[in-house]
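Peer 1: Generate a structure from the sequence data that follows.
(2 chains)
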Amino acid sequence: DAKTTQPPSMDCAEGRAANLPCNHSTISGNEYVYWYRQIHSQGPQYIIHGLKNNETNEMASLIITEDRKSSTLILPHATLRDTAVYYCIVRVPSAGNMLTFGGGTRLMVKP
Amino acid sequence: AAGVIQSPRHLIKEKRETATLKCYPIPRHDTVYWYQQGPGQDPQFLISFYEKMQSDKGSIPDRFSAQQFSDYHSELNMSSLELGDSALYFCASSVGLGTTLSYEQYFGPGTRLTVT
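Peer 2: Here you go, the predicted structure:
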């Protein structure tokens, strides 16, 4: 699996967009980018995933650079309930099915 | 919408005792995963099952075993408990093993195991 690098922590003002970056410079052509978050002591929550096109759902948007070496998760209007650890995970669908959590970003949304 | 159910939510055991954690996946989900999260740590994959067969194995101690039953629920059996087994244990479920869908895993609320 490609290694990912995320900033350890970020702050965001409530109501503003939260932009969480992830570097995955060794990503291969068939690896997908997945984002999860974990609110304190709750089970991790799937947010979104993509291969090379930008993706949007009701929770967030995922922007993947053209060379696919980095991506950004965007929470358009952050709320206090978005305070969590956000994990960027790169996976090949056929390479086993476990998720490897590590090195996420602790996002603190402040009033 | 139905979610993953885990029981019990809290469990206190003494060293060398055994514990059984149960997981009921989302209806029509065919794959179940178990993760362990120690204090201040990230979740670590333990083991997974697809259609009642073990599909992947992670850092699961030999003292632990698990299985998936015909109704797709799963149980994690833990024996000779140690203080270091104190952790949150999450179960997750998904569909579409081998496809991108299998990484859309839906997690339960977890079981907090305390070993004294």
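
Peer 1: and residue B:109, that one's in a helix?
Peer 2: No. The assignment for residue B:109 (DSSP: H, G, I helix; E, B strand; the rest coil) gives coil, which keeps it out of a helix.

Peer 1: How about the contacts made by it?
Peer 2: A:42, A:43, B:4, B:6, B:9 (Cβ atoms under 8 Å, 6 or more residues apart in numbering or on different chains). In short, each C-beta sits where N, CA and C put it, glycine included.

Peer 1: In helices only, show me those.
Peer 2: The helices, defined by DSSP state H, take in nothing from the contacts of residue B:109.

Peer 1: need the residues you listed in CSV with pLDDT and neighbour count, can you?
Peer 2: CSV is the format used below for the contacts of residue B:109 (pLDDT from 0 to 100; neighbours: other Cβ atoms under 10 Å in any protein chain shown):
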residue, pLDDT, neighbour count
A:42, 94, 15
A:43, 96, 23
B:4, 97, 22
B:6, 98, 22
B:9, 97, 11
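
Peer 1: contacting residues for the residue of chain A found nearest chain B?
Peer 2: Distance from chain B to each residue of chain A (Cβ to the nearest Cβ) is smallest for residue A:43, at 3.0 Å. Applying Cβ under 8 Å, 6+ apart to residue A:43 gives the contacts B:4, B:90, B:92, B:107, B:108, B:109, B:110.

Peer 1: Could you dump the residues you listed into JSON lines with distance to residue A:100 added?
Peer 2: Below are the contacts of residue A:43 laid out as JSON lines (distance: Cβ to Cβ, whole Å):
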{"residue": "B:4", "distance to residue A:100": "20"}
{"residue": "B:90", "distance to residue A:100": "14"}
{"residue": "B:92", "distance to residue A:100": "13"}
{"residue": "B:107", "distance to residue A:100": "15"}
{"residue": "B:108", "distance to residue A:100": "19"}
{"residue": "B:109", "distance to residue A:100": "22"}
{"residue": "B:110", "distance to residue A:100": "18"}
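
Peer 1: Quickly check these for the two that are furthest apart.
Peer 2: B:92 and B:109 (11.2 Å; Cβ to Cβ).

Peer 1: Show me the common contact partners of those two, please.
Peer 2: A:43, B:4.

Peer 1: What parts of chain A come near chain B?
Peer 2: Proximity of chain A to chain B, by Cβ under 8 Å from any Cβ of the partner chain, involves residues A:32, A:34, A:38, A:41-46, A:49, A:87, A:89, A:91, A:93-94, A:96-104.
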